[in-house]
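Undergrad: Next input, structure requested:
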Amino acid sequence: MTIAPEKTQLSTDMQIQLRIGDEWLTVCPLSRLTPGRGVAALLPDGRQAGLFLDRDGVPYAIDNRDPFTGAQVLSRGLIGTAAGRPFVASPLLKQRFDLASGRCLDDETVSVTAYEVRLH
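TA: Residues are numbered from 1 along each chain as shown. Okay, the predicted model is just below:
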């Protein structure tokens, strides 16, 4: 039998906030996120952000638009790690995007916006 170390329990009434310019935007309750999966959020300017919660409970947000296809699908991608860095793989062409920086791991000339995230 394998016993995993206990994860720190986060309060489910905490809110996910993204830094948009100089302000913090409350997007949704933490309870809306499932570790290892993404969700899309509509931002006030009409763009979409993909919100993610890794299996350690760390939240991330990047643009939801896949720059290779133009489709709003990154929130539906598979989450993994490469060299200790969390990424999401686009469900369409499978390019991987670093969740912390937005940098494409498969094409260094491409990136998406990575938003600063906090729990409030």
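Undergrad: Model confidence score at the nearest residue to Ile16 once chain neighbours are set aside, please.
TA: Of all residues not flanking Ile16 in the chain, Val27 sits nearest, at 4.9 Å (CB to CB, 6 or more residues apart in numbering). All C-beta atoms are positioned from the backbone trio N, CA, C, and that covers glycine. Looking at Val27, its pLDDT is 96.
Undergrad: where's Val27, which helix or strand?
TA: strand 23-29 (DSSP states H and E).
Undergrad: ok so, going back, if I look at the residue nearest to Ile16, how far off is Gln95?
TA: Computed with CB to CB, to the nearest Å, the distance linking Val27 and Gln95 is 25 Å.
Undergrad: Am I right that Pro44 is in contact with Ile20?
TA: Yes. Judged on CB atoms under 8 Å, Pro44 makes contact with Ile20 at a distance of 7.4 Å.
Undergrad: who has more neighbours, those two?
TA: Comparing Pro44 with Ile20 by other CB atoms under 10 Å, the one with more neighbours is Ile20, at 16 against 8.
Undergrad: Return the residues in contact with the more buried one.
TA: Listed by CB atoms under 8 Å, 6 or more residues apart in numbering, the contact set of Ile20 reads 43-44, 115.
Undergrad: Could you list which of these belong to strands?
TA: Among these, DSSP state E puts Tyr115 in strands.
Undergrad: Leu51: which of the contacts of Ile20 is nearest?
TA: Of all the contacts of Ile20, Leu51 sits closest to Tyr115, with 8.9 Å by CB to CB.
Undergrad: what ranges of the protein fall below the confidence cut-off?
TA: Flagging of the chain using pLDDT under 70 yields the residue ranges 1-12.
Undergrad: which residues of the protein fall in helices?
TA: Here the chain has no helices by DSSP state H.
Undergrad: what about the strands in it?
TA: Using DSSP E, strands in the chain cover 15-20, 23-29, 38-42, 48-53, 59-63, 78-82, 85-89, 96-98, 114-115, 117-119.
Undergrad: Just put those strands in CSV and tack on distance to Asp106.
TA: Formatted as CSV, these follow (distance: least, CB to CB, whole Å):
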stretch, distance to Asp106
strand 15-20, 25
strand 23-29, 28
strand 38-42, 18
strand 48-53, 17
strand 59-63, 15
strand 78-82, 10
strand 85-89, 9
strand 96-98, 6
strand 114-115, 16
strand 117-119, 24
